[in-house]
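Peer 1: Sequence and predicted structure, then a few things I'm wondering about:
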Amino acid sequence: MKNLIKIVLSAFTALAFAIPAFAYPDVTPEHWAAKQIEILTEQGVIVGYPDGTFKPDDNVSRAEFASMAIKALGQEHTTIAQPVKFNDIEPGFWAYDAIQKALYFDLISCPDEGEAFRPDDTVTRAESISVAVNALTTEQISNIKAKEVLSKKFTDVNEVPEWFLIPAGKAEILNMLVTIPSADKAKIEADRPATRAEVSAILYEMMEQAKLNPNAKLAEAMRKKTGNGYVVESAFVQGSIGTIPAGAIIPVKLTKYISSQTSQPGEIYSASAPENYITKDKFILVYKGSTLKGQLLDVRKGKWFVRNGVLVLDNSLLTTNNDQTVSFNGVGEVTKYRNWFMKFVRAVLKGEKLNVEPEGVVYIKLLKPIKVDLTNGWILE
């Protein structure tokens, strides 16, 4: 009997682990968009409500959709130099940056200066599907071809707005024209507000297609950047992520004079990357000119017959060319090259004095690993 109970419990345990865990109580595993909702949630593209639900049948605002689309494409850290002005959103608006990035990457058409964006309006199916298609490099088709493709499956082709006809046709060719499964013959319903479930499915399809055929601007942004510089021998790459492991040795260029004879423990120093830090394959990990900050951890004067000078740096922060400031923990000890004679002198008589002039280079040893998005230089924390 005991063995039977064990077998039954084991079976239930195995079943529990076999059944995927869904994040939202109102999205069952059988929901038509469950897979897409789960994946986008895991990747931080979409989030649920404070009560833990997802509300798959609710609508999405145009501002929310712009933010989701940029996150889905991994471009939330892109910097836009010349933003477009709208008469209904200001730079302080929560989705301002995402909307500007959507414009830059040609996901939405650039409006006339001062035109309204309507951030709080619900995004329609036509608008959301068009954004997904605009993220891609696609073959050109005519209105006639679009109607021909759409008419094979959809009953409301004649109700599709003229501007959406070609994007809809392209989406259907790419199997991206998302519709809610039903027993009836499918409808495009271009002007109907898109639901959160539909948006999830559309963004998922866009993500998958963009990995293969991104538009020109996205292709450039998604390319791992390369260049010359200081090779971090132990760094490695997985996909688009580069890692500088703990123990890696990197050079830093100090901005002010430090000395074992005049500097004090705890004194703050600043430095910069004297060149790009790169992998063996020349992928850029940290860009030249990125700034570093820390303090002098140990400072002791060099004294004859007592000791050689000690000068130890404790680095704590890195500010990248994206204006991102992150922890960058490393320790470096200032040393001097000694030939055999000076090694003997310093071992017997002591008294070595240490100093680093402005623009002088010190090597520090990284204490914790750093992960970098090689497409944009963003440090992942």
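Peer 2: Sure thing, it's come through.

Peer 1: Tell me the strands beside the helix or strand where Y363 lies, with direction?
Peer 2: Assessed by DSSP states H and E, Y363 sits inside strand 361-366. Sheet pairing of strand 361-366 (DSSP bridges) gives strand 249-254 (antiparallel), strand 325-333 (antiparallel).

Peer 1: What strands line up against the helix or strand just after that strand, and which way round?
Peer 2: Using DSSP H and E, the next helix or strand after strand 361-366 towards the C-terminus is strand 370-373. Each strand paired with strand 370-373, and its direction, by DSSP bridges: strand 241-244 (antiparallel), strand 378-380 (antiparallel).

Peer 1: most neighbours per residue, which of these?
Peer 2: Most buried of those by mean neighbour count (mean count of other C-beta atoms under 10 Å) is strand 241-244; its value is a mean of 21. The C-beta positions use only the backbone N, C-alpha and C, and glycine is treated the same way.

Peer 1: quick one: average confidence on that one?
Peer 2: Strand 241-244 shows a mean pLDDT of 96.

Peer 1: got the CA positions of it in CSV?
Peer 2: Presented in CSV, the C-alpha positions along strand 241-244 are these (Å, rounded to 0.1, in the frame of the first residue of the first chain):
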residue,chain,number,x,y,z
ILE,A,241,25.6,39.4,-25.2
GLY,A,242,29.3,39.8,-24.3
THR,A,243,30.6,39.0,-20.8
ILE,A,244,33.8,40.4,-19.2
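
Peer 1: give me the low-pLDDT residue ranges for the protein?
Peer 2: Regions of the chain meeting the criterion pLDDT under 70 cover residues 1-22, 111-114, 183-184, 381.

Peer 1: tell me, what residue is most central in it?
Peer 2: G74 (5.1 Å; C-alpha atoms, centre = their mean).

Peer 1: my guess is that residue contacts M222, does it?
Peer 2: Yes. Applying C-beta atoms under 8 Å, one finds G74 in contact with M222, separated by 7.2 Å.

Peer 1: Export the strands paired with strand 361-366 as a markdown table, with columns for distance to S272 and mean neighbour count.
Peer 2: Listed next are the strands paired with strand 361-366 as a markdown table, based on distance: least, C-beta to C-beta, whole Å; neighbours: other C-beta atoms under 10 Å:
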| stretch | distance to S272 | mean neighbour count |
| --- | --- | --- |
| strand 249-254 | 5 | 20 |
| strand 325-333 | 12 | 18 |
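
Peer 1: closest one to D156 among those strands?
Peer 2: strand 325-333 (50.8 Å; C-beta to C-beta).

Peer 1: contacting residues around the closest one?
Peer 2: 250, 252, 292, 294, 297, 310-320, 362-368, 370, 379, 381 (C-beta atoms under 8 Å, 6 or more residues apart in numbering).

Peer 1: can you check stretch 32-46 too?
Peer 2: With C-beta under 8 Å, 6+ apart, stretch 32-46 has contacts from 20, 22-24, 27-28, 31, 47-48, 54, 56, 68, 71-72, 180-181, 196-201, 203-204.

Peer 1: does I202 really touch V178, like I thought?
Peer 2: Yes. Counting by C-beta under 8 Å, V178 is a contact partner of I202 at 5.1 Å.

Peer 1: So for these two, which residue has more residues nearby?
Peer 2: Between I202 and V178, counted using other C-beta atoms under 10 Å, I202 has the larger neighbour count: 29 against 23.

Peer 1: which ones are touching the more buried one?
Peer 2: Contacts of I202 (C-beta under 8 Å, 6+ apart): 128-129, 132, 176, 178, 194.

Peer 1: before we move on, back to that, what are the buried residues along the strand holding Y363?
Peer 2: Buried residues in strand 361-366, defined by neighbour count with 16 or more other C-beta atoms under 10 Å: 362, 364, 366.

Peer 1: What distance do you get for the last one to L103?
Peer 2: Pointing back at L366 there. 38 Å (C-beta to C-beta, to the nearest Å).

Peer 1: same check, this time on A246
Peer 2: Taking C-beta to C-beta, one finds A246 at 40 Å from L103.

Peer 1: between the two, which one's more packed in?
Peer 2: Between A246 and L103, L103 has the larger neighbour count (other C-beta under 10 Å), namely 19 against 14.

Peer 1: where along the stretch 201-350 of the chain do the helices fall?
Peer 2: 216-222, 340-348 (DSSP state H, counting those that start in this stretch).

Peer 1: what does the shortest one contact?
Peer 2: Around helix 216-222, the neighbours that count as contacts under C-beta under 8 Å, 6+ apart are 73-75, 78, 104-106, 135, 137, 210, 214, 240, 375-376.

Peer 1: With adjacent residues omitted, what lies nearest to C110?
Peer 2: L103 (5.5 Å; C-beta to C-beta, 6 or more residues apart in numbering).

Peer 1: Regarding the one you found, what are the backbone dihedral angles?
Peer 2: As for L103, its main-chain torsions (degrees, to the nearest 10) stand at phi -70, psi -50.

Peer 1: next one: N355
Peer 2: Per degrees, to the nearest 10, the backbone of N355 is at phi -160, psi 150.

Peer 1: got a list of what it touches?
Peer 2: Neighbouring residues of N355 by C-beta under 8 Å, 6+ apart: 257-261, 311, 334.

Peer 1: Pretty sure P358 is one of the things S259 touches, is it not?
Peer 2: No. The criterion here is C-beta under 8 Å, and S259 misses it with P358 at 11.8 Å.

Peer 1: Quick check on the two: which one has the bigger neighbour count.
Peer 2: Between S259 and P358, counted using other C-beta under 10 Å, S259 has the larger neighbour count: 17 against 10.

Peer 1: And the residue nearest to T335 when sequence neighbours are not counted, how far from Y257?
Peer 2: Leaving aside its chain neighbours, T335 sits nearest to L354 (7.6 Å; criterion: C-beta to C-beta, 6+ apart). Using C-beta to C-beta, L354 is found at 12 Å from Y257.
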